[in-house]
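A.B. asks: Take this sequence and fold it.
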Amino acid sequence: MFTPPQTAYITALGAVTLISVVVMTVAAQRRSAPGAGGLLALMTAVAVWALGYALELASPTLPDKIFWSQVEYFGIVLAPSAAVVLGVTYRERDYRLTRRTLTAMSLEPLGILALVWTNPLHHLIWTQLTLDNSSGFLQVRHSYGTAFWIHTAYSYMLVLIAGGLMVHDVIRPPVGRRPQAAALLISAGAPSVASVLYVTRSSPWPDLDISPFAFALTGLTMAWAVSRLGLLDLVPVARAKVLESIGDSVLVFDMQSRLVELNPAAQHLLGAPRSALLGRRAGDLFPHRTQLLAGYDGVSVVQMELDRPATTDDGRQYLDLRITPLHDRQNHPSGYLAMIRDITERKRAEVELRAAKEAAEAANRAKSVFLANMSHELRTPLNAIIGYTDLLHEDATAQGYTDILPDLHKIRLSGRQLSELVNDLLELARMEAGTLSLYPEPLNIGQLLTWMEEKFAPRLAQHNNRLQIHADLGNIPLVADPNRVRQVLGYLLDNACKFTENGLITITATCAVAGGRDWLQIAVCDSGIGMTREQQATLFADFHQIDPSTTRRYGGSGLGLALSRRLAHLLGGDITVESRPAVGSTFILHLPLPLTGAATPADTGAAL
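C.D. replies: Reported below is the predicted structural model:
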């Protein structure tokens, strides 16, 4: 039967073993997380050590106790190396544990295990092993040999290395991960302290190895860190990988504005190694903007542009800075994240684009001036040609020279077509230069459409087309520049006549309400060749013909419809189109009616 103290010790060691197995299982399930392999090895060592010691205490004879002491050493020699692996891999440091390093670290533990199991031959581990009943139950009293003290010194060295790594993580961790690092430090420190007390026989129970009991604290701390602190969560791993791969500079500061984390892009931006940057205050990282983050409240998101001296063409580097507050699991402020993007190239592109835009505008103004000047220069000789052709036509008719009349008619027609083209170019130049003026006045739309019918009668007869007008509007209150309205309708009607043969053209004027106001809509509908949707998309572009074949057959400069829409915009309206191939097209001119709704006089007598 076990004595009460013996039962208490064995039960405690069983609990340590159970806790260790639970943490081992979790670590095995999350073995992709940083530090999971080291934690698995450490808790395996603890489980073997605690279980072996429990069985040693429970054994009744010295040979059985010696056997389980030898079994314990599988955990004793593994624990220090596992602590180092955990300390190195937890944060995925720059140093990597290669297979060669792990092999070298395993040589000493394997050698000690060999000496443990062959101790009767050399007594390098234990010089003497005897039974002692002073504690109320049988225990083994050890007298240690040279190899034991060498292994103890080696183990303490490894534990100090692992502890140093974890202390560094406590002092300078990524924001929000200090509790995890502290848990690891406690887990590694408690057994080390217990081991020192046991080896130096300074503990209250000199013959009882309290190291496995200290590992109870390790197991409980690990269980708490895994379940409550997310020690082995994969999210921090993903965040670390994302942080390294981000092309922008990322800097993490604590609440005292000290740099605690940064990515490789930030190291390149600041021009210093990681070790030289960590711990420095935000103002020190940008000497030319020392008060850069001094006024940050730690709550709001801030975005600003910075510049600093650099070896660029203009001697400056331009940066876009965005500051975002960070919070811990309890939503308490824990620091802030600064993301910096180098926008020097974008700034340079903006300058170049601005210069190109100014150059293009200057070239456009020069083109407009050229078109205006050339239009005036062409108008003078064209007017002379047309005038003299009219005189020759009258004289030839009066004197009976009828054989030259067809040629004179061709000259006069070509001259007028060229004159219309010159007029269109001059209108375009004036619009682009912003010098086209409007002279609005009350307009009688019925009289305007009647005048259009009379003027285009020869054009309609040329292709055997018929014109119908539907405009019973009464005295609608239209106020617009009559010359420009007539010009737009002339372009639309001329376009309908050009692409329609032996067909019907209708002009329909109606009133409509759209966008909270009244509009006059004048629709010019033809039964001509029509257009596809793709052709309609480029219909109003300057000098653009929807199909080269139609240009050869029907002629035209590609300016009429473009000028029509520009004039409609100047009049405060627009032109829309509906068309189907081989069915016809409908162009609708939309003109705004006065907001007051006041009717024009019954007889305006507006000039047409």
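A.B. asks: what's the following helix or strand after the lowest-mean-pLDDT helix or strand in the chain?
C.D. replies: Least confident helix or strand of the chain, by mean pLDDT, DSSP states H and E, is helix 548-554 with a mean of 52. Going down the chain from helix 548-554, the next helix or strand is helix 560-570, by DSSP states H and E.
A.B. asks: Need the contact partners of that next one.
C.D. replies: 424, 427-428, 431, 436, 438, 484, 487-488, 491-492, 494-495, 539-544, 574-575, 587, 589-591 (Cβ atoms under 8 Å, 6 or more residues apart in numbering). For glycine as for every other residue, the C-beta is placed from the backbone atoms N, C-alpha and C.
A.B. asks: number of nearby residues for residue 418?
C.D. replies: By the measure other Cβ atoms under 10 Å, the count of residues near residue 418 is 15.
A.B. asks: which ones are touching it?
C.D. replies: 378, 382.
A.B. asks: what are the ranges of the strands in the stretch 201-350 of the chain?
C.D. replies: Secondary structure of the stretch 201-350 of the chain (DSSP state E, counting those that start in this stretch): strands located at 249-253, 259-262, 302-309, 316-327, 333-342.
A.B. asks: Of all these, which one is nearest residue 98?
C.D. replies: strand 259-262 (25.5 Å; Cβ to Cβ).
A.B. asks: List the buried residues for that closest one?
C.D. replies: 259, 260, 261, 262 (16 or more other Cβ atoms under 10 Å).
A.B. asks: Stretch 453-465 now?
C.D. replies: Counting neighbours by 16+ other Cβ under 10 Å, stretch 453-465 gives 456, 459, 460, 465 as buried.
A.B. asks: Without its sequence neighbours, what residue ends up closest to the third one?
C.D. replies: Setting aside the residues directly before and after it, residue 460 is nearest to residue 467 in space (Cβ to Cβ, 6 or more residues apart in numbering), at 5.5 Å.
A.B. asks: List the residues that contact the one you found.
C.D. replies: With Cβ under 8 Å, 6+ apart, residue 467 has these contacts: 453, 456, 460, 505, 506, 507.
A.B. asks: Go ahead and confirm the fourth one touches residue 460.
C.D. replies: Just to be clear, that refers to residue 505. Yes - at 7.2 Å, residue 505 counts as touching residue 460 under the criterion of Cβ atoms under 8 Å.
A.B. asks: Between these two, which contacts overlap?
C.D. replies: 466, 467, 497.
A.B. asks: wait, what's in contact with the last one?
C.D. replies: Going by Cβ under 8 Å, 6+ apart, residue 497 touches 456, 459, 460, 462, 463, 465, 505, 526.
A.B. asks: Quantify the burial of the last one by counting its neighbouring residues.
C.D. replies: So the one you mean is residue 526. Count around residue 526 with other Cβ under 10 Å applied: 26.
A.B. asks: phi, psi of it?
C.D. replies: With angles defined as degrees, to the nearest 10, residue 526 sits at phi -130, psi 170.
A.B. asks: Could I get the pLDDT score of it?
C.D. replies: Residue 526 is assigned 94 on the pLDDT scale.
A.B. asks: For it, which residues are in contact?
C.D. replies: Counted by Cβ under 8 Å, 6+ apart, residue 526 has contacts 496, 497, 499, 500, 503, 504, 505, 584, 585, 586.
A.B. asks: Let's see which of the contacts of residue 467 end up in strands.
C.D. replies: Applying DSSP state E to those, the entries found in strands are 505, 506, 507.
A.B. asks: Closest to residue 336 out of those residues?
C.D. replies: Ranked by distance to residue 336 (Cβ to Cβ), these are led by residue 507 at 68.4 Å.
A.B. asks: ok, and the closest non-adjacent residue to the closest one?
C.D. replies: residue 469 is the one closest to residue 507 (Cβ to Cβ, 6+ apart), at 4.9 Å.
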